[in-house]
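**Q** Curious how this folds, go ahead:
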Amino acid sequence: MQDILSAVAEVLAERGYHGLSLDEIADRLDLTKASLYHYFPSKEVLVGACLDQLGSSLNDQLRSLVEANPGTATEQLGLLIRSQLDLIVRTRPEMARLFIQPQDWPEPYRRRTRRLREQHDAIFRAVVRRGIALGEFVVDEDVAMHNLYGAMNHVPVWFRGRRKKDLDAAAAAVASNLLRLFHPSAGPGR
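**A** Residues are numbered from 1 along each chain as shown. Below you'll find the predicted structure:
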């Protein structure tokens, strides 16, 4: 079943919802269309399962990362940034194309992806709010979050075509630069 959801994610990322064909999914997996219907009674159920699986998987990974690393807010945020970039550039690039870039989703999927993005945001904001409360971060939370997401969401665009093995260095540089948003006094020349 995971193979089916992965194939759906790839096709959705390549062609969007309206370009998704169950025939193409079946062909990619060397299955019959009837086999797909055995697991998923409709295209809508299949797409919903794919979005839920991708979004929940990403959010669970990030949440577990924070729980397993009880360091400072700066350390946790840096870890979240690097992990997010690894996931959307190297490990699961279809996540970036499905959740970050605007898509022409029918309304039920827009609500679903919005709910998943809100859960994702809550993970990052909890770390940022802790940093603000402890005086570790000196920022306007909303402005800093918009800058953070804008920069992270653009990495798959400018990193496209580069060697994936170079991602660790690029992600570390991006994280270092973004963390300066949260520590204004740590900027260059200060």
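
**Q** just the strands in this protein please.
**A** For the chain, no strands are identified by DSSP state E.

**Q** looking at this protein, which helix or strand is least sure?
**A** Scoring the helices and strands of the chain by mean pLDDT, DSSP states H and E places helix 93-95 at the bottom, with a mean of 83.

**Q** That one: how far from the chain's middle?
**A** For helix 93-95, the distance from its own C-alpha centre to the chain's C-alpha centre is 7 Å (Cα atoms, centre = their mean, to the nearest Å).

**Q** Any buried residues in that helix, and which?
**A** When neighbours are counted by 16 or more other Cβ atoms under 10 Å, the buried residues of helix 93-95 are found to be 93-95. (Each C-beta comes from the backbone N, C-alpha and C, glycine too.)

**Q** Which elements pack onto that helix?
**A** helix 2-15, helix 43-68 (3 or more Cβ pairs under 8 Å, 6 or more residues apart in numbering; DSSP states H and E).

**Q** Quick check: phi and psi at W105.
**A** The phi and psi torsions at W105 (degrees, to the nearest 10) take the values phi -80, psi 140.

**Q** Am I right that it is in contact with L12?
**A** No: under the contact definition of Cβ atoms under 8 Å, W105 does not touch L12, with a separation of 9.6 Å.

**Q** neighbour-wise, which of the two wins?
**A** For W105 and L12, the more surrounded residue by other Cβ atoms under 10 Å is L12, and the numbers stand at 24 against 19.

**Q** what's around V139, how many residues?
**A** Burial of V139 is recorded as 17 neighbouring residues (other Cβ under 10 Å).

**Q** ok, the closest residue to it other than its chain neighbours to M145 distance?
**A** Among residues not flanking V139 along the chain, F182 sits closest, at 5.3 Å (Cβ to Cβ, 6 or more residues apart in numbering). When distance is defined by Cβ to Cβ, to the nearest Å, F182 is 10 Å away from M145.
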